[in-house]
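[1] I would like the atomic coordinates for the input below:
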Amino acid sequence: MIAPRSAFVDIRGSRRHVLTWGDPAAAPVLMVHGLLDHAYNWDWIASALTDRHHVVAIDLRGHGDSDWTGRGSYALSNHVIDLADCVHALGLDRLHLVGHSMGGHIALRFAATFPEHVRSLCSIEGVELPIIRDQAKAPKPYPVRLREWIDGQRRDRRRTPRIYADVAEAAARMAAHNPGVDAETIAHLARHGVTRTVEGGWRWKYDDACRNRAPEDAHGVDLDEILAAIACPTLLAYGGDSWIPEPSADRLARIADHRLIRFPGASHWLHHQSRAAFLTALTDFFETIR
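    Modelled structure (predicted):
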């Protein structure tokens, strides 16, 4: 792998950490990780793209080495404005946008909101988030969802992060939750995903408050409007053995220019489990963009 450059973008006194690879004059690729993940998730893919692209991977607020912004500040719209601020600060334009899971959904929203900045979009299992699917299956009125969110925020205040004796113990827990991902990948992600506590143990870097999804994020109507507003060529990637269902035909029909590719045997982290195949699909996709 090619070691990235590390930098911070100041957003109104709050820092967002970014990793960069390649020539800043080359065509830009912006990569967005998923919930409770971090920018080093993209090391392998970014390294392979540096011969033709300037790659930027962002640590979302409350994740990785970016600042925590406090409970109640992790709605999807907050992440989208951070992307917009980082794109502006870094002078990125006509970029290829790649996101995984929640990051893929954030990428959809950014592409729909700022179509003039996005040359192409790749969303890895990021169209319908669990909160959207749950709302569609068992609709709850907004006041009910709002109260549940507030109750969740209060529970989170009493929650203490799990402490691990060492990085190896944290990696073992990650491996247990992600069967099928090789040990080398798990070790790399765990090493960059934990931080040492003052007591001497290790905890995950992310803010636990990120887990509690804002009630506004469940709006399926918003998603329909987002998909319909995406103007760029769009690649949707799904694992053949993933617990994430593919979008419905109705959802897909709203994206004007899209293609969906499946990776047999892969699950939610398909860009790790089928890395070579995904990289081939992504680079082939980029080659079709003019």
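
[2] what number of residues lie near residue 182?
    Neighbour count of residue 182, defined by other Cβ atoms under 10 Å: 12. Placement of C-beta: from N, CA and C, glycine included.

[3] quick one: residues contacting it.
    residue 272 (Cβ atoms under 8 Å, 6 or more residues apart in numbering).

[4] what's the separation between it and residue 142?
    In this structure, residue 182 and residue 142 are 43 Å apart, going by Cβ to Cβ, to the nearest Å.

[5] same check, this time on residue 64
    From residue 64 to residue 142 the distance is 32 Å (Cβ to Cβ).

[6] skipping adjacent residues, who's closest to residue 288 in space?
    residue 233 (7.0 Å; Cβ to Cβ, 6 or more residues apart in numbering).

[7] now residue 240
    residue 264 (4.1 Å).

[8] centroid-nearest residue for the chain?
    A centroid search over the chain (Cα atoms, centre = their mean) returns residue 103, at 2.3 Å, as the residue closest to the centre.

[9] hang on, the residue nearest to residue 288 packs against residue 120?
    Yes. Applying Cβ atoms under 8 Å as the test, residue 233 and residue 120 come out as touching, 5.0 Å apart.

[10] per-residue confidence for the residue nearest to residue 288?
    Looking at residue 233, its pLDDT reads 97.

[11] burial of it, as a residue count?
    Each residue near residue 233 was counted by other Cβ under 10 Å, and the total is 21.

[12] same thing with residue 127?
    That count, for residue 127 with other Cβ under 10 Å as the rule, works out to 25.

[13] now it, nearest residue through space, not along the chain?
    residue 247 (4.4 Å).

[14] for the one you found, which three-state class applies?
    Under DSSP: H, G, I helix; E, B strand; the rest coil, the three-state class of residue 247 is coil.

[15] check contacts around it.
    When contacts are counted by Cβ under 8 Å, 6+ apart, residue 247 touches 127, 128, 236, 260.

[16] what about burial for the residues you listed, which qualify?
    Buried by 16 or more other Cβ atoms under 10 Å: 127, 128, 236, out of these.
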